[in-house]
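# Compute the structure for the input listed below.
(chains A and B)
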Number of protein chains: 2
Amino acid sequence: MIKVVVIGSGNVAQHLIAAFEYENSHGSDVELVQVYARNSATITPLVPWDQITSSFEELIEADLYIICVSDDAIAEVSSQIPFKNRLVAHTSGAAGLQILNDNNRKGVFYPLQTFTKNKEINFRPIPICIESENATDFHVLQKVGKVISDKVIAINTEQRQALHVAAVFANNFTNHLYAIAATICQENQVPFDILEPLIQETAAKIQILSPIDAQTGPAKRNDQNTITTHLNFLKEEYQKEIYLLLTQSIQENGKKL
Amino acid sequence: MIKVVVIGSGNVAQHLIAAFEYENSHGSDVELVQVYARNSATITPLVPWDQITSSFEELIEADLYIICVSDDAIAEVSSQIPFKNRLVAHTSGAAGLQILNDNNRKGVFYPLQTFTKNKEINFRPIPICIESENATDFHVLQKVGKVISDKVIAINTEQRQALHVAAVFANNFTNHLYAIAATICQENQVPFDILEPLIQETAAKIQILSPIDAQTGPAKRNDQNTITTHLNFLKEEYQKEIYLLLTQSIQENGKKL
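Numbers count the residues shown, from 1 in each chain, chains lettered A, B, ... in the order given. Alright, predicted model coming up:
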């Protein structure tokens, strides 16, 4: 049995905890033995109360401590773990391995997904990017990852940082484009949900086509009439600016990408 | 029985034809009686050869002619239909109702979706936006639409043009962001498919949250350290420009949207 402690009570912590508990109840050999939560309210529905602590002094011994806190708190939190030479991993896409305190062995356990409060998610297809200082620790991270995910991958700090930037484009910026589409619909008295099947299909398409090959639209086919009509239609300056820059980028970079 | 002729052989035509044929074989009261195709090779797998023509003079009588050609060919094609006072609809998101030739009654039958060659699609959830000059024609378009889709909606030309612009943001531009994410992965030796579950979940999220509420990431939480790290990480000028403009837009417009 591999014993795991999760430190944190936010979205990532909650989803990880739920996944460990689910797999453990189905016979996995990874046991979540404790959760450290400054705010235990989000955790009490997930684990028995006597396995939750809000004091670092009460942390118990485990094979792996997984820190799920915001990037700027990782260094401080990792320094509070009252042990030496244990395996301590953070779950950040942006932070390096070396941000962790030197008291313990360092690892990364980064689930590449966007987690939403109260929205259940199937962990099995979520890639878990792992990194460690030595092979033994790698093996532990891999074993723990495989308990909840079908896709555990060795990713070093630089690759992980690339993934993190790429994820900003594929997730944060994409979502902002959805928000702009929703605004345009609202301004013109059209329900946004008419666009939902299109949005789902756009995302589904890249499972069978590379996004370069999947590109369509007026920019791609250089349909200047439609581009001009669209720019005249848009009322807000920021919408025009984004429309222009992305149109230009599709035209200039759409092939070489 | 409502008799329909489809004019065109591209992606939209092929998917519409397949949907009509499927529903007809399952007892619908809409019959695809003929297809006009300049290039019949894409159509012969879908309908019997004797129902395909490549000559406008051979067009047969029908209750509805659906024109599925590129926007700049609609006017010319509609002028070639050798009948008077029939119902003729185009399938464009951008073209107005009035682009159709005056010989016949005008309609729009716009399926709001991105169609991919050789990728089957379930038509039932696809919104079909219809418009006509009178109530009788509206009823015909509605009946035909409902045979293949569960979502047939009255959308006037201005609303449809708004939807078309919104669709460029939600589909074309989103896909371009996927392409940039793929490029960043490639440049850093990380397989792009690691991002696929994230992309699917980002799209799935807006089914339960508005995109404004779903927004996350460094721009949203004003995490200037991460933004600077990302900008330093990006090598290509166009990637930096898009990163900056979308970050700024999330910060300035993310609330008011």
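# Residue A:3 in helix, strand or coil?
Classification of residue A:3 using DSSP: H, G, I helix; E, B strand; the rest coil returns strand.
# for residue A:88, same thing?
Residue A:88 ends up strand, using three-state DSSP.
# what about it, distance to chain B?
22 Å (Cβ to the nearest Cβ, to the nearest Å). Any C-beta I mention is one placed from the backbone N, CA and C, and that applies to glycine too.
# Same check on residue A:60?
Distance, residue A:60 to chain B, by Cβ to the nearest Cβ: 32 Å.
# now residue A:189
Distance from residue A:189 to chain B, by Cβ to the nearest Cβ: 7 Å.
# Equivalent analysis for residue A:71, please.
Remark: distance between residue A:71 and chain B (Cβ to the nearest Cβ) = 7 Å.
# That residue: how many residues sit nearby?
Neighbour count of residue A:71, defined by other Cβ atoms under 10 Å in any protein chain shown: 17.
# these two touch, right, it and residue A:96?
No - in this structure, residue A:71 is not within contact of residue A:96 by Cβ atoms under 8 Å, at 10.2 Å.
# who are the neighbours in contact with residue A:214?
A:202, A:205, A:206, B:116, B:175, B:178 (Cβ atoms under 8 Å, 6 or more residues apart in numbering or on different chains).
# Spell out the secondary structure type for the closest residue to the third one other than its chain neighbours.
Closest residue in space to residue A:206, ignoring its immediate chain neighbours: residue B:178 at 5.6 Å, by Cβ to Cβ, 6 or more residues apart in numbering or on different chains. Using three-state DSSP, the structure places residue B:178 in helix.
# Report the angle between the lengthiest helix in chain A and helix B:237-253.
Ranked by residue count, the top helix of chain A under DSSP state H comes out as helix A:237-253. Put simply, helix A:237-253 runs at 160 degrees to helix B:237-253, going by axes from the mean of the first three to the mean of the last three Cα atoms, to 10 degrees.
# Outside of helix A:237-253 itself, list whatever touches it.
So helix A:237-253 is contacted by A:177, A:180, A:183-184, A:215, A:217-220, A:222, A:227, A:230-231, A:234, B:168-169, B:172-173, B:176, B:179-180, B:236, B:238, B:241-242, B:245-246, B:249, B:252-253 (Cβ under 8 Å, 6+ apart).
# Distance from the chain centre to it, please.
Relative to its chain's centre, helix A:237-253 lies at 27 Å (Cα atoms, centre = their mean, to the nearest Å).
# now stretch A:121-138
13 Å.
# re the thing from before, wait, isn't the residue nearest to residue A:206 in contact with residue A:205?
No - contact criterion Cβ under 8 Å: residue B:178 and residue A:205 do not qualify, at 9.0 Å.
# one step back: filter the contacts of helix A:237-253 down to the buried ones.
If you count burial by 16 or more other Cβ atoms under 10 Å in any protein chain shown, the buried members of the contacts of helix A:237-253 come out as A:177, A:180, A:183-184, A:215, A:217-220, A:227, A:230, A:234, B:168-169, B:172-173, B:176, B:179-180, B:236, B:238, B:242, B:245-246, B:249, B:253.
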